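Peer 1: please find the sequence and the predicted model below.
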Amino acid sequence: MNRLPLLAFVVGALMSAGTTDAADLPTPPRAAFTRWDPALRLVEKSDSYVTGSLARWQGRITLTGLLVVEFDRAPDGEAQREEEIDIDGVAHFEPDARSLARLPAAKDYYPLTPKKIWIGETGRAVFVPLIGRAAFDRLQADRSSRFDFPVTLTLTELVTSVECDHRDFTATVGAIQLLKAPMVARNEPWGVPC
């Protein structure tokens with residue numbers, strides 16, 4: 001079968017109907033941010049349906065707050081199958097009020113204050129160097145779903161992006177130091193969005 005006439009038909013139909021490219025899309029809403037500490041420098045910003053909505057800051061800023069590891073646990077009383085047991089967890093940082101005031105908060109388009117900043121690939125990757133493998137394994141084996149560690153944390157990069165109809169803040173961490181305060185364990189519903 002000769003495919004050339006079919007190709008010519010498809011190209012002709014596309015040309016007569018008009019094509020949709022980035023220039024044809026409506027202007028996306030622009031993300032705006034509150035003022036932030038001058039230690040952070042805005043190095044990239046995009047408000048585009050094609051490349052996505054994101055902003056990236058770089059610099060070194062030391063903050064205090066809670067370093068949290070969360071495990072996806074079955075509700076009390078429900079058995080979890082072996083392949084469903086969360087052995088790695090996820091890690092995020094919750095800055096205290098003073099540190100939070102130093103960070104940019106998104107306004108207007110998916111507004112969000114960076115009260116929860118995702119860090120690391122997994123909770124295990126973040127916490128094992130900090131507390132040791134044996135201590136992390138004890139956390140994982142515990143029935144609690146969330147563990148809070150008071151810390152001083154130095155960020156070298158902060159990124160915010162809109163995905164799955166919500167905004168996230170993620171960070172690259174240069175250093176973490178545990179503070180002399182007790183770790184707190186508690187049970188909370190799984191707090192990880194899509």
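Peer 2: Great, that's in hand. Residues are numbered from 1 along each chain as shown.
Peer 1: please count neighbours and contacts with C-alpha atoms only from this point.
Peer 2: Noted.
Peer 1: give the buried residues for stretch 127-144.
Peer 2: 127, 136, 139-140, 144 (16 or more other CA atoms under 10 Å).
Peer 1: can you check stretch 88-103 too?
Peer 2: 88-95, 99-103.
Peer 1: give me the subset of those residues lying in helices.
Peer 2: 99-100 (DSSP state H).
Peer 1: now tabulate the buried residues of stretch 88-103 in JSON lines and tack on pLDDT and distance to Val159.
Peer 2: Output for these, formatted as JSON lines (pLDDT from 0 to 100; distance: CA to CA, whole Å):
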{"residue": "Asp88", "pLDDT": "92", "distance to Val159": "23"}
{"residue": "Gly89", "pLDDT": "92", "distance to Val159": "21"}
{"residue": "Val90", "pLDDT": "94", "distance to Val159": "17"}
{"residue": "Ala91", "pLDDT": "95", "distance to Val159": "16"}
{"residue": "His92", "pLDDT": "96", "distance to Val159": "13"}
{"residue": "Phe93", "pLDDT": "97", "distance to Val159": "14"}
{"residue": "Glu94", "pLDDT": "97", "distance to Val159": "15"}
{"residue": "Pro95", "pLDDT": "98", "distance to Val159": "15"}
{"residue": "Ser99", "pLDDT": "98", "distance to Val159": "16"}
{"residue": "Leu100", "pLDDT": "97", "distance to Val159": "15"}
{"residue": "Ala101", "pLDDT": "97", "distance to Val159": "16"}
{"residue": "Arg102", "pLDDT": "97", "distance to Val159": "15"}
{"residue": "Leu103", "pLDDT": "97", "distance to Val159": "11"}
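Peer 1: could I get the buried residues of stretch 88-103 as a markdown table with distance to Thr170?
Peer 2: Below are the buried residues of stretch 88-103 laid out as a markdown table (distance: CA to CA, whole Å):
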| residue | distance to Thr170 |
| --- | --- |
| Asp88 | 18 |
| Gly89 | 16 |
| Val90 | 12 |
| Ala91 | 10 |
| His92 | 8 |
| Phe93 | 9 |
| Glu94 | 11 |
| Pro95 | 13 |
| Ser99 | 15 |
| Leu100 | 14 |
| Ala101 | 17 |
| Arg102 | 16 |
| Leu103 | 12 |
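Peer 1: if we can go back for a sec, out of the buried residues of stretch 127-144, who's nearest Arg41?
Peer 2: Using CA to CA, Phe127 comes nearest to Arg41 of the buried residues of stretch 127-144, at 27.9 Å.
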